[in-house]
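In: Pasting a predicted model and its sequence here:
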Amino acid sequence: MPSEQQNDNVPKPDLLSSLLVARGFTEEVLDATIDNLPDEALFANISTVAERIQKAMYSNEPMVIFGHDDPDGITSSYILYRFLESCGYQKHNYYIPNRNLEPHGIQAGFIDFVKEGGYKLVITVDNGISAKDGVEKLNALGCDVIVTDHHIVQADTLPSAYTIMNPQLKECQYPFKPLAGVGVALMLIRYLGRVWEHPIDPASYFWAAVGSIADKVPMIGINRIIVRHAMENFSEVQDETVEFLLRNYKRMNTFTDIFNFMQYTARMIANGREANGQHTALRFILQISDAKAKLFQDLEKQRNVWEGELNRVFSFLDTLSAGFIGNYFVYFDDDDVIPYSLLGTAATYIVNKLRIPTIMLKHHNGDTVCEGRCSDGFNIVNAFSHCKSHLKQFGGHPKAAGFTMNPAQYDAFLECFNDYLVQNWITADSDEFAWEVEVKLDEITTDNWSRLEVLLPWGQMNSEPLIKICNVSRRRLADSLCIDHAGVDIPHTGTGDAVALWKSSGMIKVLHWQEHSPTH
């Protein structure tokens, strides 16, 4: 296991210092720990949340956690479920909806589940902030609903819940807003643990890190602290699922190894959707018997199918986007090439390739559904908000959002979306490609990489080092490194300058190649 950064492991000033300046990082940022986290009591309504959960526990009321069917929702559901279980509570259950079977949010299947189970309290995690109709129907059953979420708050769809915990609420004084859903769940159990004088399982931080990485929240501020804490204290995690996965994983020697293991875990639990509120990934995480191995095999099979589908979709998108010229990218999947569950991933792929706002749409369960993604310089959720008169519902984050729409509104929505883009999106010069630090080829070494691990975890607003390698040839790069061309054509002859992400000690992902003229 890697030890914590030592004083003698000082990064090379001309490399790391430049990265720190480019990212606005200081020693205070790098040294921040969970001891520096703001008081969870700053969350609006958190004391009301705690009191209602405590009442349910003392009264032995049946309670159900309503999650979401992605890694953020799975990890949110798990850490809250396991915390309540560690407190001795045994009347709680979970329900994970399946987006392939029902629209997003609280739908008829879950309402029937609550009615048949006689549940008196529902706690949503990673969803619920726009479930106005669903919460009303649960209230009509005599069931209280506590909403914990991290998505944007829209006044016209705000549910009449018992109470709401969301950093996006206007009255919320918690200073860090871009938490993942599991980040909100972690802050809740940290507060409950303090108020109830009950310890927090170190594994909760690991699962919070996995969910945060998977949800692609900005890896700055509190998100960075959560993931970094989980990495630096990985040896303290005693969790049956983590131990099981490690048996099938390579040896862990560095912080990069731990971060990669977290990403692997996130990919593993991205699969497993089932009917009737069940989810293979959550059953696998909770299982402590020999059945765990069978559930793992099921997830592995699903992951292999999923990765095969990803490769097929990415190949299709490469063909679709070849030679594309435009200020934004819209694709309606009439031919059902892209599975609904991969619509957001497909949009992200195009954004990374073309660096322009992208929306992917298709028919699903009688509606038109959409996933939109963008990079810096645009806010996709604001664009959807501008066009909300054409939508049934929408939600998300500035760089990743989705909506459901009546198919008849398609043309009107596109016109509205285009109008918003014209006013709010300024395209970048395609000949300009930003980079953070210039390096020599012989500086891309294992030693320098290990020194840069102090910047981990990578993610939005804290990517792998974005480097410029000057005056190199394709052959010199290939002789020294593993190269991901990312669709960039690097000539076999001549020299040029490469802008690349330094992905690992011996691997780069080339994003841009500027060929030198023969007289250069």
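Out: The structure has been received and is ready for your questions.
In: In the protein, which residue is most central in space?
Out: Nearest to the geometric centre of the chain sits Asp215, at 0.8 Å (C-alpha atoms, centre = their mean).
In: Quickly note the distance from it to Leu186.
Out: From Asp215 across to Leu186, the span is 13 Å (C-beta to C-beta, to the nearest Å). For glycine as for every other residue, the C-beta is placed from the backbone atoms N, C-alpha and C.
In: so what's Glu436 up against?
Out: 18-19, 22-23, 465-467 (C-beta atoms under 8 Å, 6 or more residues apart in numbering).
In: And the pLDDT at the closest residue to Ala32 other than its chain neighbours?
Out: Spatial nearest neighbour of Ala32, excluding adjacent residues (C-beta to C-beta, 6 or more residues apart in numbering): Ile225 at 5.3 Å. Here the pLDDT value assigned to Ile225 is 98.
In: Same question for Leu169.
Out: For Leu169, the predicted pLDDT is 98.
In: residue contacts, the residue nearest to the centre of the chain?
Out: 70-72, 180-182.
In: which residue packs closest to Thr386, ignoring adjacent ones?
Out: No Thr there; residue 386 is His. His386 sits nearest to Tyr420 (C-beta to C-beta, 6+ apart), 4.6 Å away.
In: which SS class is that neighbour?
Out: helix (DSSP: H, G, I helix; E, B strand; the rest coil).
In: Quick check: which element contains Ile123?
Out: Taking DSSP states H and E as the criterion, Ile123 maps to strand 121-124.
In: For that strand, name the packing helices and strands.
Out: helix 46-58, strand 63-66, strand 144-148 (3 or more C-beta pairs under 8 Å, 6 or more residues apart in numbering; DSSP states H and E).
In: Neighbouring strands - and their directions - for that strand?
Out: Its sheet considered, strand 121-124 pairs with strand 63-66 (parallel), strand 144-148 (parallel) by DSSP bridges.
In: gap between the first one and the chain center?
Out: If you compare the mean C-alpha spot of strand 63-66 with that of the full chain, they lie 22 Å apart, counting by C-alpha atoms, centre = their mean, to the nearest Å.
In: Please shift the residue numbers so they start at 198 in all later answers.
Out: Yep, numbering from 198; the last one is strand 260-263 now.
In: Residues touching it, excluding its own?
Out: 250, 253, 274, 277-278, 281, 286, 288-292, 294, 303, 307, 310-311, 314, 316-322, 324-325.
In: Tell me which of these fall in strands.
Out: 289-292, 318-321 (DSSP state E).
In: so which of those residues is the most crowded?
Out: Thr321 (32 neighbours; other C-beta atoms under 10 Å).
In: these two touch, right, it and Asp346?
Out: Yes - taking C-beta atoms under 8 Å as the definition, Thr321 is a contact partner of Asp346 at 6.5 Å.
In: A strand includes Thr601, no?
Out: Yes - with three-state DSSP as the criterion, Thr601 is located in a strand.
In: burial measure for it, as a count.
Out: Neighbour count for Thr601, taken as other C-beta under 10 Å: 19.
In: That one touches Leu588, doesn't it?
Out: Yes - with contact defined as C-beta under 8 Å, Thr601 and Leu588 form a contacting pair (6.9 Å).
In: Okay, and the nearest residue to Phe373 once chain neighbours are set aside sits in which element?
Out: Spatial nearest neighbour of Phe373, excluding adjacent residues (C-beta to C-beta, 6+ apart): Ile419 at 4.4 Å. Following DSSP H and E, one finds Ile419 within helix 418-429.
In: Now Ile664: which helix or strand?
Out: strand 663-669.
In: what distance separates that strand from the centre of its chain?
Out: The answer for strand 663-669 is 30 Å, by C-alpha atoms, centre = their mean.
In: For the stretch 498-647 of the chain, which segments are assigned as helices?
Out: Here the stretch 498-647 of the chain has its helices, by DSSP state H, counting those that start in this stretch, at 540-551, 577-583, 607-621, 643-649.
In: Quick check: which of these is nearest to Trp632?
Out: Among those, the nearest to Trp632 by C-beta to C-beta is helix 643-649 (15.2 Å).
In: Next one: the nearest residue to Val311 once chain neighbours are set aside, what pLDDT does it get?
Out: Spatial nearest neighbour of Val311, chain neighbours left out: Cys340 (5.6 Å); criterion: C-beta to C-beta, 6+ apart. pLDDT recorded at Cys340 is 98.
In: Ok, Lys209 next?
Out: Looking at Lys209, its pLDDT reads 46.
In: Ile410 versus the residue nearest to Ala229, what's the distance?
Out: 14 Å.
In: Pull out the buried positions in stretch 492-501.
Out: 492-493, 495-496, 499-500 (16 or more other C-beta atoms under 10 Å).
In: Equivalent analysis for stretch 632-643, please.
Out: Buried-residue list, stretch 632-643, by 16+ other C-beta under 10 Å: 632-634, 636, 638, 640-641.
In: just checking, which of the residues you listed belong to strands?
Out: 634, 636.
In: Domain map for this structure?
Out: 236-483, 524-621, 634-712 (automatic domain parsing).
In: Return the most buried member of those.
Out: The highest average neighbour count among the domains of the chain, using mean count of other C-beta atoms under 10 Å, belongs to domain 236-483 at a mean of 20.
In: and that one, how far out from the chain's middle?
Out: 13 Å.
In: Now Leu281. Nearest residue, chain neighbours left out?
Out: That would be His289: by C-beta to C-beta, 6+ apart, it lies 5.3 Å from Leu281.
In: end-to-end on stretch 408-420?
Out: 11 Å (C-alpha to C-alpha, to the nearest Å).
In: swap that for stretch 226-236, please
Out: 18 Å.
In: How about residues contacting it?
Out: For stretch 226-236, using C-beta under 8 Å, 6+ apart, the contacting residues are 371-373, 387, 402, 419, 421-423, 426, 651-652.
In: try 10 Å this time
Out: 202, 217, 220, 223, 225, 243, 370-373, 383-384, 387-388, 391, 397, 402, 417-419, 421-423, 425-427, 429-430, 651-652, 659 (C-beta atoms under 10 Å, 6 or more residues apart in numbering).
In: Also stretch 478-497?
Out: 264, 266-268, 270-272, 274-276, 278-279, 282, 291, 293, 404, 436-439, 441-442, 444-445, 462, 464-471, 476-477, 499, 503.
In: ok so, going back, the domains of the chain: which one's closest to Asp515?
Out: Closest approach to Asp515 among the domains of the chain is made by domain 634-712 (6.5 Å; C-beta to C-beta).
In: thinking again about what came up before, do I have it right that the residue nearest to Phe373 meets Arg387?
Out: No - counting by C-beta atoms under 10 Å, Ile419 stays clear of Arg387, with 11.3 Å between them.
In: Check the model's average confidence along stretch 437-450 for me.
Out: 91.
In: returning to that earlier point: ok, now which ones touch the residue nearest to Ala229?
Out: Counted by C-beta under 10 Å, 6+ apart, Ile422 has contacts 226, 229-234, 373, 402.
In: One more: Val319?
Out: Residues near Val319 by C-beta under 10 Å, 6+ apart: 260-263, 292, 303, 307-308, 310-311, 325, 331-332, 335-336, 338, 340-344, 358-359.
In: picking up where we left off before, any chance of the domains of the chain in TSV with distance to Phe511 as columns?
Out: Shown next, in TSV, are those (distance: least, C-beta to C-beta, whole Å):
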stretch	distance to Phe511
domain 236-483	15
domain 524-621	6
domain 634-712	10
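In: For Leu517, which of the ones you listed is the nearest?
Out: Nearest of the domains of the chain (C-beta to C-beta): domain 524-621, 6.7 Å.
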